[in-house]
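**Q** next come a sequence and a model predicted from it.
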Amino acid sequence: MTTEPTTIPGVFLVSSPKHGDERGYLQRICCEESFQSEGLNTRWAQSSMTSSPVQGTLRGMHFQKPPCGEIKLIRAVSGKVWDCLVDVRPDSPTFGKWESFELSEENGHALYVPEGIAHGFLTLSPDVRMLYSMSVPYSPQHAAGVLWKDPGLAILWPGDPLVISEKDQSWPAFSPK
């Protein structure tokens, strides 16, 4: 398992080779030793999975506010997504910047995402399942988000969503202070 830093401080692209034979493959999802060697979180309090049957489904841009900020480990276990992260940490050198990644069952990549990063994705295939591990349990009263199509962020989505929740359409625009 390898962890590669991205342009947003604290975000890592996690890669793990697939070991296959006639039965299929085995792939490591998380490795305490690899994460510890990079100084990354190794405790996951909660894991969740999303299912998005329709290609063109958008989920995001979500994060949890302090004191319930969460570290996430995000992976596509089936299908393919265009995954986007926005740095909403006011003291970060990349505050207000975004970065995108393709996550798929095929490439097997995952994202290690620290607290203070808004996350969302657009499905690029039908029948997408995303696996999330979080460092703290979900706290509805600390749930927050930013508008996926905020012109101030100028995220270059690969297409317009066909399916998006009312909640995700109504997050506020990002307003750096």
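**A** All right, it came through fine. Residues are numbered from 1 along each chain as shown.
**Q** list the residues that contact the residue lying closest to N41 once chain neighbours are set aside.
**A** Spatially, and ignoring its direct neighbours in sequence, N41 is nearest to I71 (4.7 Å; Cβ to Cβ, 6 or more residues apart in numbering). Every residue, glycine included, has its C-beta placed from N, CA and C. Counting by Cβ atoms under 8 Å, 6 or more residues apart in numbering, I71 makes contact with N41, Y112, V113, P114, E115, M134, S135.
**Q** likewise for T94?
**A** T94 neighbours (Cβ under 8 Å, 6+ apart): T7, I8, P9, D87.
**Q** kindly report the same for T2.
**A** V14, S15, S16, S34.
**Q** could you identify the most distant pair in these?
**A** Greatest spacing in the contacts of T2, by Cβ to Cβ: S15 and S34 (10.4 Å).
**Q** what helix or strand is D168 on?
**A** Per DSSP states H and E, D168 falls inside helix 166-169.
**Q** if we can go back for a sec, between S15 and S34, which contacts overlap?
**A** M1, T2.
**Q** strands of the protein, start to end?
**A** 2-5, 12-15, 18-21, 24-27, 46-52, 57-64, 72-78, 80-87, 98-104, 110-113, 117-123, 128-134, 143-145, 163-164 (DSSP state E).
**Q** for the fifth one, packing partners?
**A** To tie it back to what came earlier, the one meant is strand 46-52. Helices and strands touching strand 46-52, by 3 or more Cβ pairs under 8 Å, 6 or more residues apart in numbering; DSSP states H and E, are strand 128-134.
**Q** what angle separates the strand it packs on from strand 57-64?
**A** With axes from the mean of the first three to the mean of the last three Cα atoms, to 10 degrees as the basis, strand 128-134 and strand 57-64 are set at 10 degrees to each other.
**Q** tell me what strand 128-134 is packed against?
**A** Helices and strands touching strand 128-134, as assessed by 3+ Cβ pairs under 8 Å, 6+ apart, comprise strand 46-52, strand 72-78, strand 80-87.
**Q** quick check: angle from that strand to strand 46-52?
**A** 160 degrees.
**Q** just name the shakiest helix or strand of the chain by mean pLDDT.
**A** strand 24-27 (a mean of 86; mean pLDDT, DSSP states H and E).
**Q** return the residues in contact with the residue nearest to T7 when sequence neighbours are not counted.
**A** Closest residue in space to T7, ignoring its immediate chain neighbours: E99 at 5.5 Å, by Cβ to Cβ, 6+ apart. The contact partners of E99, taken as Cβ under 8 Å, 6+ apart, are T6, T7, I8, V11, C84, L85.
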